[in-house]
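Visitor: Kindly generate the corresponding structure for this input.
(chains A and B)
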Amino acid sequence: MSQIPVLILILPLLFVPIIILMRMFKVSYLIVIVSTVLNFLLITILTINVFTNGAVFYELGGWPPPVGIRLNADTLSCLFLMLIGFMNLVCIISCKEIVEKTVSSSKVYLFYIAWLLCNTGFTGIILTDDIFNMFVFLEISSLSSYYLISQGNQKKSTFAALQYLFIGSIGAIFVLFAIGLLYMITGTLNMQDLTKQLAVVEEKQIILFAIVFLLVGVGVKSALFPLHGWLIKTYAYSPSIVTTYFSGTSTKIGIYIFFRVFLDILNNIGPLTLFSLSDILIALSSIGVVLITYYAIKQTDIKKMLAYSSVGQLSYIFIAMILYIPDGITASLVHVINHSIIKTSLFLTLTLLFVSKKEVLLTDLAGLSTKQPIITSCFLVMSLALVGLPLTAGFISKWYLILSLIQSKYWMFTSIVVLTSFMTLFYVWKMIDSVYFKENSNEEMFELKKHQLIPIVFLTLLIIYLGVETSLTVGVSQSIAYDIIYGVI
Amino acid sequence: MGDNVVIKIISTLMIPLILIFGLYVQFHGEYSAGGGFQAGVILAASFILYDLVFSNENFGFKLNTDIILNFIATGVALYVLVGIFGLLYGGNFLDYSSLSLSNDTSSGQKIGIFLVEIGVGLTVSGVMVLIYKMFNNSKA
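Guide: Residues are numbered from 1 along each chain as shown, chains lettered A, B, ... in the order given. As a prediction, the model looks like this:
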């Protein structure tokens, strides 16, 4: 029981060499699915334990911090762990046929290894209590995601991977530099020790430098508005199952690091108010969300349109977070969950419908309603959830976002959020329009197998469930938000 | 490049020295500067030098990508298994004191570090040689 935090991390690491050693027997998918299901079970047990008995700490090698490295599973990390674990499970379950069709059979085991390592990196970032370890896991996940992106079987995907490599490496160096600065003035890398030491540090200038570097580095990873360029190309040109996986996990990890660093480690200094970080961020996000929604309307490629929409929704998350009131933080956490589920289900639907297509244009959706009625209704629900209609999950998070903006008396930003929500309706309507009202031009629409419908229908029902029964997501997020505001976490 | 006599003679002299130095760095890693990473790179350097100079000769020793991959996997597996060994004996992950043969727990620390460094060395040298092989193959 007490060993669960480390088992979540090392079981995938143990399965990776087994996949390499057994690469001749074509059992990589079997091993991956065993590892993923085991991982999800362990995460569920850990989460239940943390929410009933409080945070769990794990000292690696039996060395206590600040000398040793410690794993820390508190409510915030368990929320994100559950999210990542669930998204990973959904993607892995539905990916077998797609991977066989897109990746050449001699490289399938490498693809799955990169996937496992990427997921290990994500869970490591969430679980670790050591700020340098967080950087190492960030690099593990980034390096394997560069490989995953480059497997898109077209020249543009290699280019997208290379661009992400350059931008991602620059971001990682900024993070490393910030960690170096914090280590210089405090002499510790353990997060909780760092929090204590930073409260008494005199050199506010150096902390300012560290905050700026962290903001840029983490901003790259979480696609904060002016740093979002890599995300569009990555989502558009990587293999569509990888896009599905990343849409629910990759940028959310950026958000998690943001929470952990700015609202937990540096919380005592109050980086959002002391260095007026919130003004900069809220201005950037507001300009971003308007521009990005405008770009999304102009796209004809659906993957690009959804990628722009992701950046827009991430701006909502940022706006809600930096209000620094309980309702705002609740709104951002709920939106992280809801948006992950909505975007992943949208991308998954597209992936399963157009397995062999490299670009999915709006016109390709024409005539879907007559051929695939079940999928079409699911697609409708997902699209409306993206807009934020009542009875869907998207409504809950938008409701809390607008509520918290009104509480903070940011009238201009309230109107921006309402305006962009209406603008979202434009590009979602373009999709619904071609699904229902356009004539069927092409006959080569992919026939779905019955068992591939299951994850899509399940995710759709989940979207409706989370839109009606909010006690799970909102309740948990609210308790975390109060913990953050009152500095308990 | 393999046709030059000077290069051949010098590398026959150099390769054993590099190998021994690599092993020295590997096994003295826990006492002095060095360890698995550095030793892995030094050992890989000797293999790469061998392959650069003698790849045209029929010595019967050729770098094989499959075998290198197995070495890489074994290194990682060794590391994780040493860590899990601590779990089985009731300690935490990577708790070396469970490895001790006598009652003195510090001997377990030595054995643990030793095994883990061997795993690191195997993986690092394997990866270095594999990178070299990949560049070599893409040229041909």
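Visitor: low-scoring stretches of chain A, by residue?
Guide: Along chain A, the parts satisfying pLDDT under 70 run over A:441-447, A:488-489.
Visitor: Spell out which parts of it neighbour chain B.
Guide: By the rule CB under 8 Å from any CB of the partner chain, the part of chain A lying against chain B is A:3, A:6, A:10, A:13-14, A:16-18, A:20-21, A:23, A:58-62. (C-beta placed from N, C-alpha, C; glycine too.)
Visitor: how about 10 Å then?
Guide: Counting by CB under 10 Å from any CB of the partner chain, the positions of chain A adjacent to chain B are A:2-3, A:5-7, A:9-24, A:58-63, A:68-69, A:71, A:109-110, A:113.
Visitor: Could you give me the ChimeraX syntax to select whichever of those are buried?
Guide: Only the buried entries of the residues of chain A next to chain B go into this ChimeraX selection, using 16 or more other CB atoms under 10 Å in any protein chain shown:
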select /A:3,5,6,7,9,10,11,12,13,14,15,16,17,18,19,20,23,58,59,60,61,69,71,109,110,113
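Visitor: Just the residues of chain A next to chain B: which are in strands?
Guide: The strands in this structure, assigned by DSSP state E, contain A:58-59, A:71 from those.
Visitor: check contacts around residue A:97.
Guide: By CB atoms under 10 Å, 6 or more residues apart in numbering or on different chains, residue A:97 lies in contact with A:241, A:352, A:355, A:449, A:451-452.
Visitor: Compile these into TSV and extend it with columns for secondary structure.
Guide: Written out in TSV, the entries for those read as follows (DSSP: H, G, I helix; E, B strand; the rest coil):
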residue	secondary structure
A:241	helix
A:352	helix
A:355	coil
A:449	coil
A:451	helix
A:452	helix
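Visitor: could those go into TSV alongside neighbour count?
Guide: Converted to TSV, the contacts of residue A:97 look like this (neighbours: other CB atoms under 10 Å in any protein chain shown):
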residue	neighbour count
A:241	28
A:352	23
A:355	17
A:449	9
A:451	10
A:452	21
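Visitor: which one of these sits closest to residue B:85?
Guide: Of all the contacts of residue A:97, the one with the least separation from residue B:85 (CB to CB) is residue A:241, at 36.3 Å.
Visitor: my guess is residue A:103 meets residue A:111, correct?
Guide: Yes. Because the distance of 4.9 Å satisfies CB atoms under 10 Å, residue A:103 is recorded as touching residue A:111.
Visitor: okay, and the common contacts of those two?
Guide: Counting by CB under 10 Å, 6+ apart, the residues touching both residue A:103 and residue A:111 are A:148, A:151, A:239, A:241.
Visitor: which parts of chain B sit against chain A?
Guide: If contact is defined as CB under 10 Å from any CB, the residues of chain B in contact with chain A are B:66, B:69-70, B:72-81, B:83-84, B:86-87, B:90-98, B:109, B:112, B:123.
Visitor: and the residues you listed, which of them are in helices?
Guide: The subset of the residues of chain B next to chain A located in helices under the criterion DSSP state H comprises B:66, B:69-70, B:72-81, B:83-84, B:86-87, B:109, B:112, B:123.
Visitor: Separate out the buried members of these.
Guide: With neighbours counted by 16+ other CB under 10 Å, these contain buried members at B:69-70, B:72-80, B:83-84, B:86-87, B:109, B:112, B:123.
Visitor: Report the contact partners of residue A:33.
Guide: Taking CB under 10 Å, 6+ apart as the definition of contact, the neighbours of residue A:33 are A:89, A:92-93, A:95-96, A:112.
Visitor: Tell me the spacing between it and residue A:2.
Guide: Counting by CB to CB, to the nearest Å, the gap between residue A:33 and residue A:2 amounts to 27 Å.
Visitor: pLDDT below threshold where in chain B?
Guide: For chain B, the stretches with pLDDT under 70 are B:1-2, B:58-61, B:138-140.
Visitor: Now do the same for the residue of it positioned farthest from its centre: helix, strand or coil?
Guide: Within chain B, residue B:103 marks the point farthest from the mean C-alpha position, 30.8 Å out by CA atoms, centre = their mean. Secondary structure for residue B:103, judged by three-state DSSP, is coil.
Visitor: Now the phi/psi pair for it, please.
Guide: When quoted as degrees, to the nearest 10, the phi and psi of residue B:103 stand at phi -80, psi -20.
Visitor: Residue A:413 contacts residue A:279, correct?
Guide: No. Between residue A:413 and residue A:279 there is no contact under CB under 10 Å: 11.4 Å.
Visitor: which of the two has more neighbours?
Guide: In this view residue A:413 and residue A:279 are compared by other CB atoms under 10 Å in any protein chain shown, and residue A:413 has more residues nearby, 21 against 12.
Visitor: and that one, what helix or strand is that in?
Guide: Taking DSSP states H and E as the criterion, the element that holds residue A:413 is helix A:411-436.
Visitor: Pull out the buried positions in that helix.
Guide: For helix A:411-436, the buried set under the neighbour-count rule, 16+ other CB under 10 Å, comprises A:413-414, A:416-417, A:420-421, A:423-425, A:427-428, A:430-432, A:434-435.
Visitor: ok, of these, which one's closest to residue A:235?
Guide: With CB to CB as the yardstick, the closest approach to residue A:235 among the buried residues of helix A:411-436 comes from residue A:427, at 14.8 Å.
Visitor: Could you report the distance from that closest one to residue A:418?
Guide: Between residue A:427 and residue A:418 the distance is 17 Å, computed by CB to CB.
Visitor: ditto for residue B:32
Guide: In this structure, residue B:32 and residue A:418 are separated by 66 Å, where distance is defined by CB to CB.
Visitor: same check, this time on residue A:334
Guide: For residue A:334, the distance to residue A:418 equals 18 Å [CB to CB].
Visitor: neighbours around residue B:62, how many?
Guide: Using other CB under 10 Å as the criterion, the residues surrounding residue B:62 number 10.
Visitor: So what does the closest residue in space to it that isn't next to it in sequence have for phi and psi?
Guide: By the measure of CB to CB, 6 or more residues apart in numbering or on different chains, the closest residue to residue B:62 outside its immediate chain neighbours is residue B:55, 7.7 Å from it. Taking degrees, to the nearest 10, you get phi -70, psi -20 for the backbone angles of residue B:55.
Visitor: so residue A:49 makes contact with residue A:81?
Guide: No. Under the criterion of CB under 10 Å, residue A:49 makes no contact with residue A:81, lying 11.9 Å away.
Visitor: Quick check: neighbours shared by these two?
Guide: Residues touching both residue A:49 and residue A:81 (CB under 10 Å, 6+ apart): residue A:73.
Visitor: ok, those two, which is more surrounded?
Guide: Taking neighbours as other CB under 10 Å, residue A:49 and residue A:81 compare with residue A:81 leading, 26 against 17.
Visitor: can you pull the contacts of the more buried one?
Guide: Remark: with contacts taken as CB under 10 Å, 6+ apart, residue A:81 is in contact with A:5, A:8, A:39-40, A:42-44, A:46-47, A:50, A:73, A:122-123, A:126-127, A:256.
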